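Participant: Return atomic coordinates for the entry below.
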Amino acid sequence: MSYEMMVGLQVKNDTSYTNYRDAMGPILKSYGGGFRYDFKVSETLKNEEERPINRVFAIYFENKEKMDEFFSNPEYLKVKSEFFVASVKATTIISEYER
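Facilitator: The predicted structure is shown next:
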């Protein structure tokens, strides 16, 4: 069993976003997490929250507690501040679920 989120982003700077993914990857892995799917999308047909989306991915963790710990980890927050903020204009949490 794992805990997953489907996330949509509007990435505005691919280079900075790639740097974010590279820097956060080892931290994510240390929490038993990873990416199950990752897509660049060119057209969104339905969007309830109306935030633009050009990237969709499924991120997973061993459980919800590990996810919460990861997103509050000081190292992760530093990486997020350095790379994510500059590279992403909008974030949409599409769903969260146990798998």
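Participant: How about residues contacting the longest strand belonging to the chain?
Facilitator: Criterion DSSP state E: the longest strand present in the chain is strand 88-98. The contact list for strand 88-98 (C-beta atoms under 8 Å, 6 or more residues apart in numbering) reads 1-12, 17, 47, 49, 51-53, 56, 64. For the C-beta atoms, the positions are set from N, CA and C on the backbone; glycine is no exception.
Participant: Those residues, buried ones only, as a ChimeraX selection?
Facilitator: In ChimeraX, this line selects whichever of the contacts of strand 88-98 come out buried by 16 or more other C-beta atoms under 10 Å:
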select :2,3,4,5,6,7,8,9,11,17,53,56
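Participant: Give the pairing partners of the longest strand of the chain; include direction for each.
Facilitator: strand 3-11 (antiparallel) (DSSP bridges).
Participant: For the residue in the chain sticking out farthest from the centre, give its distance to residue 53.
Facilitator: Computed with C-alpha atoms, centre = their mean, the residue of the chain farthest from its C-alpha average is residue 45, at 21.0 Å. Counting by C-beta to C-beta, to the nearest Å, the separation of residue 45 from residue 53 is 11 Å.
Participant: Residue 63: what's it in contact with?
Facilitator: 1-3.
Participant: that older thread, hang on, the residue farthest from the centre of the chain in a helix?
Facilitator: No. Membership of residue 45 in a helix is not supported by DSSP: H, G, I helix; E, B strand; the rest coil, which gives coil.
Participant: How far away from the center of its chain is the longest helix along the chain?
Facilitator: Longest helix in the chain by number of residues (criterion: DSSP state H): helix 14-30. Its chain's C-alpha centre and that of helix 14-30 lie 10 Å apart, by C-alpha atoms, centre = their mean, to the nearest Å.
Participant: Could you pull out the buried residues of the next helix or strand along the chain from that helix?
Facilitator: Using DSSP states H and E, the next helix or strand after helix 14-30 towards the C-terminus is strand 34-40. Buried residues in strand 34-40, counted by 16+ other C-beta under 10 Å: none are found.
Participant: and strand 34-40, what does it pack onto?
Facilitator: strand 55-61 (3 or more C-beta pairs under 8 Å, 6 or more residues apart in numbering; DSSP states H and E).
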